[in-house]
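[1] The following block contains a protein sequence and its predicted model.
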Amino acid sequence: MDTLTHGLVGALLARATARTDPRSLPVRTRMWIGFLAGIFPDIDFIVWFFNRQQYLLIHRGLTHSLVMLPLWTLLLSFIFSWIYRGRYSWRAFLPVTALAIAAHIGADVLTSFGTMIFAPISDIRVSVPTTFVIDPYFTGIVVAGLAGSWVFRHSVLPAGIALALLAGYIGFQNSLREQAQHWGAAYAQGRGWTPAEVMAEAQPLSPFNWQVIVARRNAYGILQYRIAYVNLHQRTVPSPVPADAGLLNTLWHAYRPLAHPGWRRLSFLNGTPDTRRFEWRAWKSRALRPYRRFSLFPFATGETLIKGHRCALFGDVRFLLPAPHAPHLVYGLCRNHGIWFAPRALSGLPDRMSS
């Protein structure tokens, strides 16, 4: 989920749980604390400016951990008490701070990136991908709840209604996800792809837009994928868009009805035989072990030169969008005199991933 929405959810929860007890925080203060605590876990974004490769692996780690939640709650509560110069005890900040951070962690679990909720005990990423990372409907419900709370300032009812609607919306998204996943499983079974792994990932612009991934290993143990971008509500094939169309316009017309999915093929290894050998050596290297644990549906996107070093590039099918110049996550590994290393930043990347 985007950072602003996390903050707004924290403020909405703070308003919904506000009490009239004079010893508690004032409502306005409480909402500001909820907003700030709600965005706190994304403080790990600072790593992006120093090492984008490392950021990909540690994002949604320690600051997004339920194990570390008590520590972050105490730390922020002391900081907030200090900011308010002791006007309120640090104990007064504990409930709203803990609630906002927990809501941030829970909302991130709903997206495809995965969240290390057990860090530092385990780096396993938990994900129930019902919601795209930027969802205007999700955010709109939260904003509506805050607007209603501003109009009816002495009632927690608007905030409570918005939270109920939000829970219902997430449940609706999950039902759509199950529908898309069952459709993908039927496709795999019909083609005799057994065993096969099927996953449905939420997509932008509409809760009906889904990416369906069917993955299996061929006789040589190499991962093969079939990928479909579908709209569960649409009945007609969208009209094509010009090659120079903008990102949003391209995405709007990219999702097809279930009757005409337009399945795409993708293999784990791509390119010339020499490139595939290089990619395979990079993939099996010890230096790529953290990325191998992060990536669920990996594939090699090709190779490039970074500061004169030959580098293999890898992506994850989950983060592929059906637009030529859509942003994507790429992890690279370079070789220098027989030693593999991850560059601090990637440059000279291809405009698109293989498709």
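    Arrived safely.
[2] so where do the helices sit in the protein?
    With DSSP state H as the criterion, the chain has helices at 3-16, 27-39, 52-58, 69-83, 90-109, 136-151, 157-190, 247-252, 273-284, 289-294.
[3] least reliable of those helices going by mean pLDDT?
    If the helices of the chain are sorted by mean pLDDT, helix 52-58 sits at the bottom with a mean of 80.
[4] still on that earlier bit, which of the helices of the chain sits most buried?
    Each of the helices of the chain was scored by mean neighbour count; the highest is helix 3-16, a mean of 24, by mean count of other CB atoms under 10 Å. C-beta here means a position set from N, CA and C on the backbone, and glycine is covered the same way.
[5] Run the angle between it and helix 157-190 for me.
    Put simply, helix 3-16 runs at 130 degrees to helix 157-190, going by axes from the mean of the first three to the mean of the last three CA atoms, to 10 degrees.
[6] helices and strands around helix 3-16, which ones?
    Applying 3 or more CB pairs under 8 Å, 6 or more residues apart in numbering; DSSP states H and E, one finds that helix 3-16 contacts helix 27-39, helix 90-109, helix 136-151, helix 157-190.
[7] Pipe these into TSV and attach distance to Ser267 per row.
    Listed next are these as TSV, based on distance: least, CB to CB, whole Å:
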stretch	distance to Ser267
helix 27-39	40
helix 90-109	30
helix 136-151	34
helix 157-190	17
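[8] right, and those helices - which one's nearest Pro120?
    helix 90-109 (14.8 Å; CB to CB).
[9] Which strands and helices lie in contact with the closest one?
    Using 3+ CB pairs under 8 Å, 6+ apart, the elements in contact with helix 90-109 are helix 3-16, helix 27-39, helix 69-83.
[10] Try it again at 10 Å.
    helix 3-16, helix 27-39, helix 69-83, helix 157-190 (3 or more CB pairs under 10 Å, 6 or more residues apart in numbering; DSSP states H and E).
[11] Check whether His64 really touches Thr115, as I assumed.
    Yes: in this structure, His64 is within contact of Thr115 by CB atoms under 10 Å, at 5.0 Å.
[12] between those two, what contacts are shared?
    Common neighbours of His64 and Thr115, using CB atoms under 10 Å, 6 or more residues apart in numbering, are 41, 104-105, 108-109, 125-126.
[13] from the residues you listed, which single one is nearest Phe78?
    Proximity to Phe78 was ranked across these by CB to CB; first place goes to Pro41, at 17.4 Å.
[14] burial count for that closest one?
    Neighbour count of Pro41, defined by other CB atoms under 10 Å: 28.
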